[in-house]
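Chemist: Return atomic coordinates for the entry below.
(one chain, ligands or ions: 1)
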Amino acid sequence: MDLSFSKEDEEYRREVRAWLRKNLPKRADDDEGGELTVADPERIARAKAWQRKLFDAGYVAIGWPKEHGGQGAGIVRQAILNEEMVLARAPAPIGMMGVQMLGPTLIALGTPEQKERFLPPILTADELWCQGYSEPGSGSDLASLKTRAEVDGDFFVVNGQKVWTSTAQFADWMFCLVRTDPQAPKHKGISYLLIDMRSPGITVRPLVQMTGQAGFNEVFFDNVRVPRKNLVGRLNEGWLVANATLSHERNMLASTTRTQQLMSDLLRLAKRRSRHGVSVLRDPVARQRLADLQIRVESMKYHSLKQLSDGIHGRSAGIGASVNKLVTTELNHDICAAALEILGSHAGLSRTSPHVEDRGVWPIDWMFTLGMIIGGGTSQIQKNIIAERGLGMPRGA
Ligand SMILES: Cc1cc2nc3c(=O)[nH]c(=O)nc-3n(C[C@H](O)[C@H](O)[C@H](O)COP(=O)(O)OP(=O)(O)OC[C@H]3O[C@@H](n4cnc5c(N)ncnc54)[C@H](O)[C@@H]3O)c2cc1C
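Modeler: Residues are numbered from 1 along each chain as shown. I've put the predicted structure just below:
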């Protein structure tokens with residue numbers, strides 16, 4: 001494993017850092033913690049403008065081929081950009097589901113017309129996407145999904161319900177799994193459709209999470225007509241397409257740079273706080289916990305560098321994405337839990353209190369990071385994948 005960056009890559013890092021220093025948007029009061037909701041149209045407009053600015057500077061989807069609007073950049077440059085964005089505390093592009101999940105899927109498996117129609121507005125955030133996979137009763141066992149799509153001439157007619165659909169309340173489009181052959185074995189009768197969220201027959205009902213924000217939704221389909229040209233991959237072979245998107249989602253959720261940022265925020269907090277008149281950093285129990293977390297962060301950093309190195313040398317990532325998703329999402333939550341313990345009763349202060357620390361983000365991030373352990377495949381499911389595909393253990397019952 002080679003841990004050094006080339007001169008050119010270091011130069012690229014300097015360029016990105018300088019651009020971010022000059023262009024980073026001023027942080028607005030409502031930009032701290034949690035998710036965007038439909039109640040924040042101004043915040044959404046700001047986030048779209050930020051993605052547009054990043055795109056114009058060549059900093060969105062840099063790994064995509066140039067012919068599709070990317071930079072054709074290798075994994076090292078992508079890692080550098082990601083790291084600099086996190087270090088600068090730059091907001092992530094709002095259209096990440098399009099940029100990191102659907103876009104790469106369409107580039108690999110979409111038709112030329114689909115690429116031409118859908119990729120450009122993904123990059124500029126002119127069209128935002130949501131993911132319609134989960135249904136009531138079909139989460140971990142995703143292939144049991146029941147939302148039906150029947151062929152009617154040049155259209156599919158979709159009926160059913162999705163749930164936990166993040167950002168559906170303001171997304172323009174959904175990439176959606178539907179059952180097109182109810183008689184086939186469950187993995188074989190599924191298709192992957194692109195659905196216009198403004199189609200007649202779609203109802204979106206926001207669900208309030210424990211953060212108090214309505215980040216995800218129920219989505220109902222009542223005879224929704226979807227053009228056949230919006231089918232990605234072959235009819236009834238959507239499971240293959242769905243899994244391509246899922247592997248990109250796991251990578252998106254497992255950002256170790258985000259983990260490093262949370263850890264450095266935690267250390268800053270620990271330096272400022274004291275307990276019974278003694279600095280938290282002098283408390284042996286707190287020190288032990290911080291050291292333990294820091295060790296886990298460092299080992300994940302090297303794990304992701306190893307993955308980077310594997311990618312550069314064309315070695316398969318294997319179960320690496322599942323290991324990353326499992327460990328980083330749990331670690332993020334544990335870091336937030338340590339922050340709440342350090343804050344003690346201050347953790348309960350409202351965000352407008354003059355005594356609140358870090359603008360009150362820690363309790364919200366603690367709740368939000370718990371959701372990330374579940375979303376994109378729960379920890380238990382990642383452990384199953386690691387056990388079966390990585391360690392060769394027999395399938396569970
Ligand atoms: C914040 C958040 C955002 C989300 N956003 C989206 C989105 O945008 N689009 C979308 O489609 N979905 C989304 N989801 C849904 C997410 O993908 C599902 O919640 C997840 O796949 C788990 O499914 P479930 O909730 O139905 O739980 P279940 O599958 O019912 O699982 C319940 C419990 O049983 C355990 N379990 C289930 N099967 C097994 C097994 N075989 N072995 C061991 N343990 C098992 C699980 O680990 C879990 O602890 C989101 C979820 C969250 C929390």
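Chemist: In three-state terms, how would Arg234 be classified?
Modeler: Recorded secondary structure, Arg234: coil (DSSP: H, G, I helix; E, B strand; the rest coil).
Chemist: Check Asn223 too.
Modeler: strand.
Chemist: right, and it touches Gly201 too?
Modeler: Yes - applying Cβ atoms under 8 Å, one finds Asn223 in contact with Gly201, separated by 5.1 Å. For every residue, glycine as well, the C-beta is placed using N, CA and C.
Chemist: so what sits against both of those two?
Modeler: When contacts are counted by Cβ atoms under 8 Å, 6 or more residues apart in numbering, Asn223 and Gly201 are jointly contacted by Val158.
Chemist: residues in the stretch 101-250 of the chain within reach of the ligand, list them.
Modeler: Within the stretch 101-250 of the chain, the positions adjacent to the ligand are Cys130, Gln131, Gly132, Tyr133, Ser134, Gly139, Ser140, Trp164, Thr165, Ser166, Phe216 by Cβ under 6 Å from any ligand atom.
Chemist: What subset of the residues you listed is buried?
Modeler: Cys130, Gln131, Gly132, Tyr133, Ser134, Gly139, Trp164, Thr165, Ser166, Phe216 (16 or more other Cβ atoms under 10 Å).
Chemist: right, and out of those residues, which lies closest to the ligand?
Modeler: Here the nearest of these to the ligand, counting by Cβ to the nearest ligand atom, is Gly139; it sits at 1.9 Å.
Chemist: pLDDT below threshold where in this protein?
Modeler: 1-3, 28-39, 251-255, 312, 317, 397 (pLDDT under 70).
Chemist: how about the helices in the stretch 51-200 of the chain?
Modeler: 75-87, 96, 103-109, 112-124 (DSSP state H, counting those that start in this stretch).
Chemist: got TSV for these, with mean neighbour count too?
Modeler: As requested, the helices of the stretch 51-200 of the chain are exported to TSV (neighbours: other Cβ atoms under 10 Å):
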stretch	mean neighbour count
helix 75-87	19
helix 96	19
helix 103-109	20
helix 112-124	17
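Chemist: Identify whichever of the ones you listed lies nearest to Arg359.
Modeler: Closest of the helices of the stretch 51-200 of the chain to Arg359 is helix 75-87, at 18.1 Å (criterion: Cβ to Cβ).
Chemist: ok, for Pro91, nearest residue in space, not its chain neighbours?
Modeler: Trp50 (5.8 Å; Cβ to Cβ, 6 or more residues apart in numbering).
Chemist: so which helix or strand takes in that neighbour?
Modeler: Counting by DSSP states H and E, the element that carries Trp50 is helix 41-56.
Chemist: counting contacts, what elements does that helix pack onto?
Modeler: helix 112-124 (3 or more Cβ pairs under 8 Å, 6 or more residues apart in numbering; DSSP states H and E).
Chemist: In terms of secondary structure, what does the lengthiest helix in the chain contact?
Modeler: Counting by DSSP state H, the longest helix found in the chain is helix 284-312. Helices and strands touching helix 284-312, as assessed by 3+ Cβ pairs under 8 Å, 6+ apart, comprise helix 75-87, helix 256-272, helix 320-343.
Chemist: can you pull the contacts of Lys53?
Modeler: Going by Cβ under 8 Å, 6+ apart, Lys53 touches Asn23.
Chemist: let me redo that: Gly348
Modeler: Pro363.
Chemist: where's it relative to the ligand, distance?
Modeler: From Gly348 over to the ligand the distance is 23 Å, taken as Cβ to the nearest ligand atom, to the nearest Å.
Chemist: Over to Gly360?
Modeler: Counting by Cβ to the nearest ligand atom, the gap from Gly360 to the ligand is 20 Å.
Chemist: Give me the nearest residue to that residue, chain neighbours excluded.
Modeler: In space, Gly360 is closest to Arg351, 3.5 Å off (Cβ to Cβ, 6+ apart).
Chemist: so how many other residues sit close to that neighbour?
Modeler: 14 (other Cβ atoms under 10 Å).
Chemist: ok, now Thr352?
Modeler: 9.
Chemist: Are we agreed that it is in a strand?
Modeler: No - read with three-state DSSP, Thr352 is coil and lies in no strand.
Chemist: State the distance from it to Arg268.
Modeler: 22 Å (Cβ to Cβ, to the nearest Å).
Chemist: ok, now Lys48?
Modeler: 31 Å.
Chemist: With Asn243 instead?
Modeler: Relative to Arg268, and taking Cβ to Cβ, Asn243 is found at 40 Å.
Chemist: and if you look at Pro104?
Modeler: Distance from Pro104 to Arg268, by Cβ to Cβ: 35 Å.
Chemist: before we move on, what about Thr259?
Modeler: In terms of Cβ to Cβ, Thr259 sits 15 Å off from Arg268.
Chemist: sorry, back to before: hang on, isn't the residue nearest to Gly360 packed against Arg359?
Modeler: Yes - the pair Arg351 / Arg359 is scored as a contact, 6.2 Å apart, by Cβ under 8 Å.
Chemist: For Ser353, list the residues it contacts.
Modeler: Applying Cβ under 8 Å, 6+ apart to Ser353 gives the contacts Gly360.
Chemist: Show me what the helix or strand hosting Trp239 is packed against.
Modeler: Assessed by DSSP H and E, Trp239 sits inside helix 238-253. Here helix 238-253 is seen to pack against helix 103-109, strand 173-179, strand 190-196, helix 320-343 when contacts are counted using 3+ Cβ pairs under 8 Å, 6+ apart.
Chemist: If you count contacts, what does the third one end up packed against?
Modeler: Okay, so that is strand 190-196. With contacts taken as 3+ Cβ pairs under 8 Å, 6+ apart, strand 190-196 sits against strand 155-166, strand 173-179, strand 216-227, strand 231-232, helix 238-253.
Chemist: just checking, what packs against the helix or strand following that strand?
Modeler: Later in the chain than strand 190-196, the nearest helix or strand by DSSP H and E is strand 202-207. Counting contacts by 3+ Cβ pairs under 8 Å, 6+ apart, strand 202-207 is packed against strand 155-166, strand 216-227.
Chemist: tilt between the first one and strand 202-207?
Modeler: Same thing as strand 155-166. If you take axes from the mean of the first three to the mean of the last three Cα atoms, to 10 degrees, strand 155-166 sits at 10 degrees to strand 202-207.
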